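Student: 3D, please:
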Amino acid sequence: MADMNAKSDYEAALVEQIGQLSETIGVLSEAVRESPLVVGSRKQPVVNPAARELAGLHRTKADLERKLLSCRNPFMRV
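Tutor: Here you go, the predicted model:
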C-alpha cells in the first residue's frame, strides 16, 4: 500500500512540475515573440538566449511527460 501512495505522490509531483513548466513556457514564449531571434552583429550573430532557454524548457517538459506516461503504464515503451 505504501508503494502505491509513493507512486501516486510521484505522479502528482510530475503533474505539478509539468504545469509549472507550461506556465513558464507560456510567459517565455511571449517574451521570445516580442524580441528578435538573432541578436548581435552581422559578423557575430548570437541566438537569443531566451529562445535557447525556451527550447530547453520544451525538452524538459517532454522528458517529464514521458516519465509520467511510463509511470502510469509500465508496459508502454516511451
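
Student: Show the contacting residues for residue 53.
Tutor: Residues in contact with residue 53 (C-beta atoms under 8 Å, 6 or more residues apart in numbering) are residue 28. Yep, even glycine has a C-beta here, placed from its N, CA and C like the rest.

Student: In the one helix or strand residue 52 maps to, which residues are buried?
Tutor: Secondary structure assignment for residue 52, by DSSP states H and E: helix 49-72. Judged by neighbour count using 16 or more other C-beta atoms under 10 Å, the buried positions of helix 49-72 are 50-51, 54, 57, 61, 64, 67-68.

Student: Which single one of those is nearest to residue 41?
Tutor: Of all the buried residues of helix 49-72, residue 41 sits closest to residue 51, with 17.7 Å by C-beta to C-beta.

Student: Flag every buried residue along the worst-scoring helix or strand of the chain on mean pLDDT.
Tutor: The helix or strand of the chain with the lowest confidence, counting by mean pLDDT, DSSP states H and E, is strand 38-40 at a mean of 79. Going by neighbour count (16+ other C-beta under 10 Å), nothing in strand 38-40 comes out as buried.
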